[in-house]
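A.B. asks: sequence first, predicted model second:
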Amino acid sequence: YLPEWIFHHLNIGFNSIKVYVNNTDDNSIEVLNKIIKHHPQVSYCVADELISQPPEEYEGKTNSNFYNTNKVQSIIYTDALCTTEKQTTDYIAFLDVDEFFLPQKPLNEIFSLDISNELPKRFNWLLLSGDKYEFTSLAKCSRGYIDSSFKSIVPNRNVEIRAEDPHRFSINGDIGAICN
């Protein structure tokens, strides 16, 4: 799914993508290096060392229940929140490689300049459930379903952002608005 996932999100308007690779011995790094040669807005982090020894300043940045039930994901989310440059990145989306953001409106409408942009945006996503053909167009052959839970896109500003669980983030305690 990796190339399809990256190119889908670039095509709908994501300006940059950072992939966290962990606990794998497949060819993900080789595939990412080939993509990065032509698309420098894509980057990756091999997260195994980060997960085994997270920086001390990451402690308390996620809900303790989230950390205790999904340590790997909570550390990766915290790293993304702490290391993404605020000057060049307005929003951060947290998606697994089998989760596709399928907005019903153009991204510039969803993220127009209004006060609600200071809160996380929550949305449904397409969860792939297996494809008949690898490396083909998402629209033509993918099988999946719109998940009933939500994922979050959070503004990358100088505010207190906290991962509550894999699907919800809060800013100063507010989990934000649901988007279609």
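C.D. replies: Perfect, I can see it now. Numbers count the residues shown, from 1 in each chain.
A.B. asks: buried residues in the helix ranked longest in the chain?
C.D. replies: Of all the segments of type helix in the chain, defined by DSSP state H, the longest one is helix 71-83. Buried residues in helix 71-83, defined by neighbour count with 16 or more other Cβ atoms under 10 Å: Gln73, Ser74, Ile75, Ile76, Tyr77, Thr78, Asp79, Ala80, Leu81. All C-beta atoms are positioned from the backbone trio N, CA, C, and that covers glycine.
A.B. asks: touching, the third one and Pro54? I think so.
C.D. replies: If I follow you right, that is Ile75. Yes: assessed by Cβ atoms under 8 Å, Ile75 is found in contact with Pro54 at 4.7 Å.
A.B. asks: what ranges does this structure have for its strands?
C.D. replies: Secondary structure of the chain by DSSP state E: the strands cover 17-21, 42-46, 91-93, 99-100, 121-123, 126-128, 144-146, 151-155, 161-165, 168-171, 177-179.
A.B. asks: give me the mean pLDDT for the fourth one.
C.D. replies: This points to strand 99-100. Per-residue pLDDT over strand 99-100 has a mean of 80.
A.B. asks: partner strands of that strand, with direction?
C.D. replies: In the sheet containing strand 99-100, the strands it pairs with under DSSP bridges are strand 126-128 (antiparallel).
A.B. asks: quick check: mean pLDDT of the strand it pairs with?
C.D. replies: The average pLDDT within strand 126-128 is 61.
A.B. asks: any weak-confidence spans in this structure?
C.D. replies: The chain contains residues with pLDDT under 70 at 112-122, 124-149, 158-159, 167-168, 172-180.
A.B. asks: tilt between the longest helix of the chain and strand 42-46?
C.D. replies: In this structure, helix 71-83 runs at an angle of 130 degrees to strand 42-46, with axes from the mean of the first three to the mean of the last three Cα atoms, to 10 degrees as the basis.
A.B. asks: list the contacts of helix 71-83.
C.D. replies: Helix 71-83 is touched from outside by 18, 20, 22-23, 45, 47, 50-51, 54-55, 57-58, 61-62, 66-67, 92, 94, 154, 156, 161, 163, 166, with contacts defined as Cβ atoms under 8 Å, 6 or more residues apart in numbering.
A.B. asks: so how far is it off the chain centroid?
C.D. replies: Between the mean C-alpha point of helix 71-83 and the mean C-alpha point of its chain there is a distance of 11 Å (Cα atoms, centre = their mean, to the nearest Å).
A.B. asks: list the beta-bridge partners for Ile17.
C.D. replies: Val42.
A.B. asks: count of neighbours near Glu85?
C.D. replies: Neighbouring residues of Glu85 were enumerated by other Cβ atoms under 10 Å; the total is 8.
A.B. asks: renumber starting at 36 from here on
C.D. replies: Yes, from this point I'll number from 36; that puts the last item at Glu120.
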